[in-house]
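# return a 3D structure for these sequence lines:
(one chain, ligands or ions: 1)
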Amino acid sequence: MPYLFDHLDAVRQVLTASPFGLITDIDGTVSEIAPCPEEARVSPVCREQLAILTKRLELVAAISGRPALDAKEMIGVDGIVYVGNNGLEQWHDGVMLFVEGVKEYTPKVTAVLDELRGSLTTEGISFENKGVALSVHYRRSPDRESARNCILEKIEASSIARDFRIQEGKMVVELRPPVEVNKATAVEALVKSYNLRGVIYVGDDISDVDAFGVMHQEIFKGLAVGVISEETPQQLEKKADFTLNGVADVERFLTWLAGVAPAPTRPHP
Ligand SMILES: [Mg+2]
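Alright, predicted model coming up:
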């Protein structure tokens, strides 16, 4: 796919649509991937430029597989809409909203976590209780493939885990409530509630490919930007309109965007 910085005119063209929104993934996009999630840090340049963009665009949203409160903690910019657990929850301006029927999964997450902790003792596996979802990470495992197989086997064998939907990401297996929610539905909801006519979406992983599809609807001008790294899934490169190389390029892009983004057409809600 074409490199974004070779096609800035096309980006400028999308930016003429108003109201305009920027939606960005966090890990691998504005934050380097770390060996474990709690070690990841958002790039200070990205943070600074996102803060500027909240004043210039109708919407700046950060969307992540992390819980919304984690996302908020990591970026720490007021005015951003933080969409957590790949769309299951959203935090904005002190208010947390859950997708219907999802909050009830909190005790089931605790139960399945207790069970899997007992049965999964493979080296390098770590658990992340995300409130309404559970992530099992195997990035630190010496044999990632067998760690992944082991995780999937134990999940298969668990009766509590059957109540969840299984979704895989970069070195992670996730158990989520079985609702039709992903980054695509979350992005659609944002576009609708902010009445956006133009959107740029930036992301680096499989879950972002879902959202890329939303960018190509005819009701608004959308641009899907894929952040390429060693671990980038092939679908991402195929489905992106333009690519950036790693977090360093995202810093450069957000800086450029903050410089050229038009002021909002009306005061922020
Ligand atoms: Mg990511």
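
# contact partners for the residue nearest the centre of the chain?
Most central in the chain under C-alpha atoms, centre = their mean is residue 64, positioned 2.9 Å from the mean C-alpha point. Applying C-beta atoms under 8 Å, 6 or more residues apart in numbering, we find residue 64 in contact with 25, 26, 27, 70, 71, 82, 83, 84, 86. (Glycine included, C-beta is placed from N, CA and C.)

# and for residue 88, the neighbour number?
26 (other C-beta atoms under 10 Å).

# which bits of this structure sit near the ion?
25, 27, 28, 204, 205 (C-beta under 5 Å from the ion).

# OK, now which residue of this structure is nearest to the ion?
residue 28 (3.8 Å; C-beta to the ion).

# correct me, but that residue touches residue 229?
Yes. Residue 28 lies in contact with residue 229 (C-beta atoms under 8 Å); the separation is 6.3 Å.

# looking at these two, which is more packed in?
More neighbours surround residue 28 than the other of residue 28 and residue 229, with 24 against 16 (other C-beta under 10 Å).

# need the contact list for that one.
Contacts of residue 28 (C-beta under 8 Å, 6+ apart): 170, 204, 205, 227, 229, 231, 247.

# in helices only, show me those residues.
residue 247 (DSSP state H).

# of the contacts of residue 28, grab the buried ones for PyMOL.
Selecting the buried subset of the contacts of residue 28 in PyMOL, with 16 or more other C-beta atoms under 10 Å as the burial test, is done by:
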select buried, resi 170+204+205+227+229+247
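
# stretch 115-133 - what's its average pLDDT?
Per-region confidence: stretch 115-133 scores 94 on mean pLDDT.

# show me how far that stretch is from its chain's centre.
21 Å (C-alpha atoms, centre = their mean, to the nearest Å).

# can you give me the buried ones in stretch 212-227?
Buried, per 16+ other C-beta under 10 Å, within stretch 212-227: 212, 214, 215, 220, 221, 222, 223, 224, 225, 226, 227.

# kindly report the same for stretch 187-204.
Under the neighbour-count criterion of 16+ other C-beta under 10 Å, stretch 187-204 has 187, 190-191, 194, 196-204 buried.

# can you add secondary structure and distance to residue 162 and give these back as a markdown table?
Below are the buried residues of stretch 187-204 laid out as a markdown table (DSSP: H, G, I helix; E, B strand; the rest coil; distance: C-beta to C-beta, whole Å):
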| residue | secondary structure | distance to residue 162 |
| --- | --- | --- |
| 187 | helix | 29 |
| 190 | helix | 31 |
| 191 | helix | 34 |
| 194 | coil | 37 |
| 196 | coil | 38 |
| 197 | coil | 43 |
| 198 | strand | 42 |
| 199 | strand | 37 |
| 200 | strand | 39 |
| 201 | strand | 33 |
| 202 | strand | 35 |
| 203 | strand | 30 |
| 204 | coil | 31 |
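
# can you put the residues you listed in TSV and add pLDDT?
As requested, the buried residues of stretch 187-204 are exported to TSV (pLDDT from 0 to 100):
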residue	pLDDT
187	97
190	97
191	96
194	96
196	96
197	96
198	96
199	97
200	98
201	98
202	98
203	97
204	95
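
# state the phi and psi torsions of residue 234.
phi -60, psi -40 (degrees, to the nearest 10).

# returning to what we had before: and which of the buried residues of stretch 212-227 is nearest residue 179?
Ranked by distance to residue 179 (C-beta to C-beta), the buried residues of stretch 212-227 are led by residue 214 at 17.6 Å.

# need the next SSE after the longest strand seen in the chain, C-terminal direction.
Taking DSSP state E as the criterion, the chain has its longest strand at strand 221-228. For strand 221-228, the following helix or strand on the C-terminal side (DSSP states H and E) is helix 234-239.

# for stretch 130-142, buried residues please.
Within stretch 130-142, judged by 16+ other C-beta under 10 Å, the buried ones are 130, 131, 132, 133, 134, 135, 136, 137, 138, 139, 141.
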